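Peer 1: A structural model of the following input is requested.
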Amino acid sequence: MASSTSSSTKATDNPDTVLIVGGGLAGLVAAHELTKAGKHVTIIDQEHEASLGGQAWWSLGGIFLIDSPEQRRMGIKDSFELAKRDWFNSAQFDDLEDEDYWGSRWADAYLEFAHKNMRTYLKDVGVGFVPQVGWAERGSGEAGSHGNSLPRFHITYGTGEEIVRVFRDPVLKAAREKNLVTFKYRHQVDSILQNAEGRVIGVKGTILEPTDVQRGQKSSRTAVGEFTLEGRAVLIATGGIGGNLELVKEMWPVKKLGGKVPEHFVLGVPAHVDGRGLKIAETAGARLVNNDRFWHYTEGLANWNSIWPKHGIRVIPGPSSLWLDATGKRLPAPLFPGCDTLATLKYICSTGYDYTWFILNKTIILKEFALSGSEQNPDITQKSIWLVLQRLLYGPEPVKKFMEHGDDFVVSDNLTELVAGMNVKAKERNGPQLTYEQIFKVLDDRDSQLANKYSKDAQLMLINNARSYWGDKLTRVVKPHPLLDTSHGPLIAIRMNLLTRKTLGGIQTDLKSRVIKSGGAPGSGEVIPGLYAAGEVAGFGGGGVMGHNALEGTFLTGCIFTGRAAGLALSESASAFDAAQV
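Peer 2: A predicted model of the protein is given here:
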């Protein structure tokens, strides 16, 4: 499987192959479906073999399912109708005749899959789930607006590593035993080849020098040759832009979010998630839509043990931490931890600063903090009951390491020293200096609401509501208590950074994953013959299946569903609604 290092190569030995540009999750799932049907594929990736599976490998393994057995065992009453209501209320599709034309249709197909057959499909390839269902993106506080009405976040037993394995292994087996897969590692696609009639017939690009860096580390872009590959179709599955900070800033939706382009980010994905596929497709005539839709998180930590440049880790918080902006003001309701990512991002942009503060204590952090990522959850990744018990009894070890080594953390036994430490961190970012009196009042006002089981504080209402779900009460949300109570100490302040992650817009595709031609009306059927797209580069379907907001657990499943749909379309001329059936 080693990459060629010749100065120029041309491969036309298998004109019936499907060229899959990108060996991430969407590309692997498409290859899995194609090889099951006996079709040959060529997987082309600019990284080396150790990176097969892409950024999905680093994920927590969250899966969005509707009315699953896991939900029912937890006493959660979900339904297709409620999930669809949540999805469309969150998506806020506002251009159904044009840029949202196909994304909204993909949403219908995706929801059908998530309700009826996704769990069966994943179980059939070997995926299992952690018993507890998580409640992610709890919403805006209004029934008719953004958010999950109830828990739908199913964590894969084995995290993202397991999701990659269950699709990678059969593809490798098809290569080894049936000669149905050719791998072209360290091959960077630069352009798409089209014949005189405009049909896509292949790709052209640069051969990069061999590398032995570890998965996720930034690899060399030194060229050692050129290549041309031809096939019956090309599937673009190159992912998003989150590892390319320059492009993130270039595409930052200032008009939508207000303020200015933030200066400081941490990066939630490796450097190879560079957005090149979008530009390559656009040059070939593809229609790009919803270019102002992204999903960047507001609870990012600078990784103390970085793998890629500016490596950031997302905190998946419970609802109890007090959230202050850089000036020391409490974020307005309903901008509480884990509730409304996009609205919170918009508020942060309005402050003129690119960071916020969590204030909490040891009791809260050990129960309510989860860190996104396979490497940050060794108990689930390694499927270790012993490590799971240790987490439940003593708190997650990776979180403790961040408390000890994390550059964004201030830990102190008293508020005076805590504020002093916060001011040191603020100065590093040219932020405002805070006073003890200012921070004490915010904390004391909150703590004053705890004398009764009811209060006027919207965040405490949220906490009590969360604890009415017994899964949260048992393992996720602490009993409300005064933050300044020393028995729950020490106090902790965390500088929360903006963290790049997902692209919600992208290449517009029809329900057969075919790329819509630029300049054509979305419903006209004008496609680029032979060109397909799947995964994040296609906005996880149609150029924007999630609209303006995500409900979490939808990124891996978006790759899985669109990869499956593309594979079936290329092997059986099936549609996304066909892909929803198993």
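
Peer 1: Would you check that residue 353 makes contact with residue 431?
Peer 2: Yes. Between residue 353 and residue 431 there is a contact at 5.7 Å, judged by CB atoms under 8 Å. Every residue, glycine included, has its C-beta placed from N, CA and C.

Peer 1: Overlap in contacts, these two.
Peer 2: residue 326 (CB atoms under 8 Å, 6 or more residues apart in numbering).

Peer 1: now the end-to-end length of stretch 479-490.
Peer 2: 17 Å (CA to CA, to the nearest Å).

Peer 1: Now do it: distance to the chain's middle.
Peer 2: Relative to its chain's centre, stretch 479-490 lies at 33 Å (CA atoms, centre = their mean, to the nearest Å).

Peer 1: Can you pull out the residues in contact with it?
Peer 2: Stretch 479-490 has contacts (CB under 8 Å, 6+ apart) with 320, 322, 359-364, 411-413, 415, 443-444, 446-447, 450, 460, 463-464, 467, 491.

Peer 1: Drop anything exposed from those.
Peer 2: Those of the contacts of stretch 479-490 that meet the buried threshold are 320, 322, 359-364, 411-412, 415, 443, 446-447, 460, 463-464, 467, 491, by 16 or more other CB atoms under 10 Å.

Peer 1: Out of the residues you listed, list just those in helices.
Peer 2: Applying DSSP state H to those, the entries found in helices are 362, 363, 364, 415, 443, 446, 447, 460, 463, 464, 467.

Peer 1: ok, the spatially closest residue to the second one that is not a sequence neighbour - how many residues close by?
Peer 2: Right, residue 363. For residue 363, ignoring the flanking residues on the chain, the nearest one in space by CB to CB, 6 or more residues apart in numbering is residue 488 at 4.0 Å. Residue 488 has 16 neighbouring residues, counting by other CB atoms under 10 Å.

Peer 1: Could you do residue 179 as well?
Peer 2: By other CB under 10 Å, the residues close to residue 179 number 10.

Peer 1: Please tell me how far it sits from residue 35.
Peer 2: Distance, residue 179 to residue 35, by CB to CB, to the nearest Å: 10 Å.

Peer 1: Distance-wise, check residue 459 relative to residue 32.
Peer 2: Taking CB to CB, one finds residue 459 at 44 Å from residue 32.

Peer 1: my bad, residue 43
Peer 2: Distance from residue 43 to residue 32, by CB to CB: 11 Å.

Peer 1: Compare the two and say which is more crowded by neighbours.
Peer 2: Neighbour comparison, residue 43 and residue 32: the larger count goes to residue 43, with 27 against 24 (by other CB under 10 Å).

Peer 1: strands paired with the strand or helix carrying that one, and their directions?
Peer 2: Using DSSP states H and E, residue 43 maps to strand 41-45. In the sheet, strand 41-45 lines up against strand 18-21 (parallel), strand 181-185 (parallel) (DSSP bridges).

Peer 1: Outside of the following helix or strand past the shortest one itself, list whatever touches it.
Peer 2: Scanning forward in sequence from strand 18-21, with DSSP H and E defining helices and strands, the next element found is helix 25-36. Residues outside helix 25-36 that contact it (CB under 8 Å, 6+ apart): 18, 20-21, 40-41, 43, 45, 52-54, 56, 125, 163-164, 167-168, 170-171, 174, 178, 180-181, 235, 237, 239, 534-536, 556, 559-560, 562-564, 566-568, 570-571.

Peer 1: So for helix 25-36, mean pLDDT?
Peer 2: For helix 25-36, the mean pLDDT works out to 98.

Peer 1: what's the angle from that helix to strand 41-45?
Peer 2: Helix 25-36 and strand 41-45 are oriented at 160 degrees to each other (axes from the mean of the first three to the mean of the last three CA atoms, to 10 degrees).

Peer 1: tell me which residues in helix 25-36 are buried?
Peer 2: For helix 25-36, the neighbour count (16+ other CB under 10 Å) marks 25, 26, 27, 28, 29, 30, 31, 32, 33, 34, 35 as buried.

Peer 1: Kindly report the same for stretch 323-337.
Peer 2: 323, 324, 325, 326, 327, 328, 330, 331, 334, 335, 336, 337.

Peer 1: hey, C-alpha coordinates of it in PDB?
Peer 2: Only the C-alpha atoms of stretch 323-337 are listed here, as PDB (Å, rounded to 0.1, in the frame of the first residue of the first chain):
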ATOM      1  CA  TRP A 323     -20.300  31.300  32.600                       C
ATOM      2  CA  LEU A 324     -18.900  34.800  32.500                       C
ATOM      3  CA  ASP A 325     -17.700  36.800  29.500                       C
ATOM      4  CA  ALA A 326     -14.300  38.400  29.400                       C
ATOM      5  CA  THR A 327     -15.500  41.500  31.200                       C
ATOM      6  CA  GLY A 328     -16.800  39.400  34.100                       C
ATOM      7  CA  LYS A 329     -20.500  39.600  33.200                       C
ATOM      8  CA  ARG A 330     -22.600  36.500  33.500                       C
ATOM      9  CA  LEU A 331     -23.800  35.300  30.100                       C
ATOM     10  CA  PRO A 332     -27.500  36.100  29.600                       C
ATOM     11  CA  ALA A 333     -30.100  33.300  29.800                       C
ATOM     12  CA  PRO A 334     -30.400  30.900  28.100                       C
ATOM     13  CA  LEU A 335     -26.700  30.900  27.200                       C
ATOM     14  CA  PHE A 336     -25.700  28.200  29.700                       C
ATOM     15  CA  PRO A 337     -23.200  25.400  29.400                       C
END
